[in-house]
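1. sequence and predicted structure, then a few things I'm wondering about:
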Amino acid sequence: MTRSLFLAALLLAVLSAAASAQQTPLDKPGEPPKPLPVLQTWKGTLPRTAPRDLAPKNHVITDQKQWSDLWTAWRGSEPLPPVDFATEMVLVETAPGQKGFTELLWLKDDVGDLTHRTKVDFDEQPGFSYVMQRVKRDGIRKVLGTMLPR
């Protein structure tokens, strides 16, 4: 009985190895994600945490009203930079404290999904830091797992 189980397990292992060795083109992993070019970046810190709640939950701004509202709340009376929302969007990331990001790199994979790599220098200061980046919208379908609105 033990010998039969051993032979069955061995056969299963051999068949598994053979199956995984025969990859079809659909099984191959895609190209590694590439850095997304950034057209413009705005960074800052705010001493209170309440305005952080105004950041878009999906990390992306795709219309003029949302852009104007967030800009006014975070940047006050500074002139609103133009964004062509037909071809562009603004990516938004925040972090607690005042030191902010030492790295924020958006990555786009071969099917148009954006992820990011971040490094934050955390501190105990009140408030938060933010980064807003204007990018081309072309070919992007998801941002951090959420479908982009049309």
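-> Ah, there it is.

2. shaky segments in this protein?
-> Counting by pLDDT under 70, the ranges of the chain that qualify are 1-29.

3. residue closest to the middle of it?
-> residue 115 (3.2 Å; C-alpha atoms, centre = their mean).

4. strand partners (parallel or antiparallel) of the helix or strand where that one lies?
-> Assigned by DSSP states H and E, residue 115 belongs to strand 113-120. Partner strands and pairing direction for strand 113-120 (DSSP bridges) are strand 101-108 (antiparallel), strand 142-143 (parallel).

5. okay, those, which one's buried deepest?
-> For those, average neighbour numbers computed from mean count of other C-beta atoms under 10 Å are highest in strand 142-143, which has a mean of 20. From N, CA and C alone the C-beta is placed, and that goes for glycine too.

6. contacts only, for the residue nearest to the centre of the chain.
-> Counting by C-beta atoms under 8 Å, 6 or more residues apart in numbering, residue 115 makes contact with 33, 106-107, 109, 144.

7. and those residues as JSON lines, adding distance to residue 54?
-> Rendered in JSON lines, the data for the contacts of residue 115 read as follows (distance: C-beta to C-beta, whole Å):
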{"residue": "33", "distance to residue 54": "28"}
{"residue": "106", "distance to residue 54": "21"}
{"residue": "107", "distance to residue 54": "25"}
{"residue": "109", "distance to residue 54": "29"}
{"residue": "144", "distance to residue 54": "18"}
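
8. residue 79: which of those is nearest?
-> The shortest distance between residue 79 and any of the contacts of residue 115, using C-beta to C-beta, involves residue 106 and amounts to 25.1 Å.

9. how near is that closest one to residue 68?
-> Distance of residue 106 to residue 68, given as C-beta to C-beta, to the nearest Å: 23 Å.

10. bridging residues for the residue nearest to the centre of the chain?
-> For residue 115, the residues forming beta bridges with it (DSSP bridges) are residue 107.
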